[in-house]
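J.: Sequence and computational prediction follow.
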Amino acid sequence: MKTIFEQGTFNAYQERSLQHAMNEVVRFSAQTTVFISHKHDDLGDLQGVLGFLEKHYNVKVYIDSRDSSMPAITSEVTANNIKSRIEKCDKFILLATNGAIESKWCNWELGFGDAKKYKNHIALFPMKPQGTYDSSYKGNEYMRIYPYICYFDGTERYTNGTSISKGYYIGEFKETGNYITPLSEWFNSK
């Protein structure tokens, strides 16, 4: 099971341009809409994740860092626009790199997303620097609070002994144990 991905894992999906993810989300679409909170320094990883999600899960992604309607200088208008975009999207994902975990804006967006999307509509996409140990990942405590995207390679088993199918899931820690939901099912739940 992979619970924390290395940065660069999704680089093969970077062929998608970030430009189309800057348009304001329209709820009339049958596609699930996703607000991805991210640190602006992580645009390479963001582009790969965006391409991966759109290709494999047919979702419409919104990112604020490319939205030309955002003010040039961060202000209360920026915050209000972001709040509006989070509310309009069906799902909220934090691209949870070490930089994003330390970012005051990402934490603010996560807090607002928590209030508007918690529990079934919010998730972390945990990413650590290449070549580092999971234990050095700065978002480990966040993964105890929020659902997170993870991967199973098909060799793992549920506690009842049945095989877990290969693929991506939403993992979640609860007092009664760890639970997973197929990522496609999570995206399709409204």
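T.: Alright, I've got the coordinates. Quick caveat, the model's predicted, so the values are computed rather than measured.

J.: my read: residue 109 touches residue 81, true?
T.: No. Using C-beta atoms under 8 Å, residue 109 is not in contact with residue 81; the gap is 11.6 Å. Just so you know, the C-beta spots here come from the backbone N, C-alpha and C atoms, and that holds for glycine as well.

J.: Averaging pLDDT per element, find the lowest-scoring helix or strand in this structure.
T.: The weakest-scoring helix or strand in the chain, judged by mean pLDDT, DSSP states H and E, is strand 60-62 (a mean of 90).

J.: and residue 36, what helix or strand is that in?
T.: strand 33-37 (DSSP states H and E).

J.: before we move on, what about residue 53?
T.: Going by DSSP H and E, residue 53 is in helix 43-57.

J.: Buried ones in that helix, by neighbour count?
T.: 43, 45-54, 57 (16 or more other C-beta atoms under 10 Å).

J.: Tell me how many other residues crowd residue 1.
T.: By other C-beta atoms under 10 Å, 13 other residues sit near residue 1.

J.: Contact partners for residue 35?
T.: By C-beta atoms under 8 Å, 6 or more residues apart in numbering, the contact set of residue 35 is 25, 62-63, 85-86, 89, 91-93, 109, 113.

J.: Which pair of those residues spans the longest distance?
T.: 25 and 109 (14.8 Å; C-beta to C-beta).

J.: Next, format the contacts of residue 35 as TSV and append neighbour count, secondary structure and distance to residue 124.
T.: Formatted as TSV, the contacts of residue 35 follow (neighbours: other C-beta atoms under 10 Å; DSSP: H, G, I helix; E, B strand; the rest coil; distance: C-beta to C-beta, whole Å):
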residue	neighbour count	secondary structure	distance to residue 124
25	21	coil	20
62	21	strand	17
63	22	coil	16
85	21	helix	19
86	23	helix	15
89	24	coil	16
91	23	strand	12
92	25	strand	10
93	25	strand	7
109	24	helix	12
113	25	helix	10
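
J.: would you turn the residues you listed into CSV with distance to residue 152?
T.: CSV is the format used below for these (distance: C-beta to C-beta, whole Å):
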residue, distance to residue 152
25, 30
62, 28
63, 27
85, 32
86, 29
89, 26
91, 21
92, 23
93, 19
109, 28
113, 25
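
J.: between these, which is nearest residue 169?
T.: residue 93 (13.9 Å).

J.: what is that closest one paired to in the beta sheet?
T.: Note on residue 93: beta-bridge partners by DSSP bridges are residue 36, residue 123.

J.: Fine by me, we can end here.
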